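Q: Coordinates only, no sequence provided:
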């Protein structure tokens, strides 16, 4: 039986910017503790995050807001999110890839599962050259990026790019994402899902692997 592990990128494969404030502050020459927005790690203190979760702004709008705020702290006016990430994450993006992600990807492939990425903004946020710095991305059979398709999750058509591209049934896919609206979109097309908890990455990946194992 064909099975597939479908992963979001930001937050699921890479650590969130919330988790790497110390690295960002060092890269930008900011004093420790300057960056205070914590998103899911402290939603009570992040009104903009709560607004995004409530559907009052898009995920892209949230991050563009943080980009402008952070740029202002260092006297820079970034117009592209790739500029923001380039400044805060430097030349070694591998340093912020979740080890739990690499482990799960390896285990999924070893068990015969196919693997793919479904992202709303991979190249938009990170820049097209980013992929060349992460050799493990070559292991993915398919990468669907709304930077180019223009179809954002949770639109059912976004998930169709995966099932059509892999030639696989939706119920043979386990989809992992850290945004509940995207999880809802995957459920609507018949995929099994794991709502990724960025505060408990190992547990989330184990849940995904268990679902894949159950379909073997």
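A: Everything's here; your move. Fair warning: this is a prediction, and the values are worked out from it, not measured in the lab.

Q: Quick check: buried residues in stretch 206-216?
A: Neighbour-count burial for stretch 206-216, counted by 16 or more other Cβ atoms under 10 Å, picks out 206-209, 211-212. For glycine as for every other residue, the C-beta is placed from the backbone atoms N, C-alpha and C.

Q: Check stretch 33-49 too.
A: Neighbour-count burial for stretch 33-49, counted by 16+ other Cβ under 10 Å, picks out 35, 37-40, 46, 48-49.

Q: which residues in the protein form strands?
A: Counting by DSSP state E, one finds strands in the chain at the ranges 4-7, 114-119, 142-145, 173-177, 192-195.

Q: out of those strands, deepest packed?
A: Stretch with highest mean neighbour count among the strands of the chain: strand 173-177 (a mean of 27; mean count of other Cβ atoms under 10 Å).

Q: Export the strands of the chain as CSV, with columns for mean pLDDT.
A: Formatted as CSV, those follow (pLDDT from 0 to 100):
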stretch, mean pLDDT
strand 4-7, 98
strand 114-119, 98
strand 142-145, 98
strand 173-177, 98
strand 192-195, 98
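
Q: Which pLDDT value goes with the closest residue to residue 66 other than its chain neighbours?
A: With Cβ to Cβ, 6 or more residues apart in numbering as the criterion, residue 66 has its nearest non-adjacent residue at 6.3 Å, and that residue is residue 37. Residue 37 is assigned 97 on the pLDDT scale.

Q: Could you tell me which residues make contact with residue 37?
A: 18, 45-46, 48-49, 66 (Cβ atoms under 8 Å, 6 or more residues apart in numbering).

Q: so what's the nearest residue to residue 211 once chain neighbours are set aside up against?
A: Once flanking residues are discounted, residue 211 sits nearest to residue 174: 4.7 Å by Cβ to Cβ, 6+ apart. Residue 174 is in contact with 3-6, 191-194, 208, 211-212, 215, counting by Cβ under 8 Å, 6+ apart.
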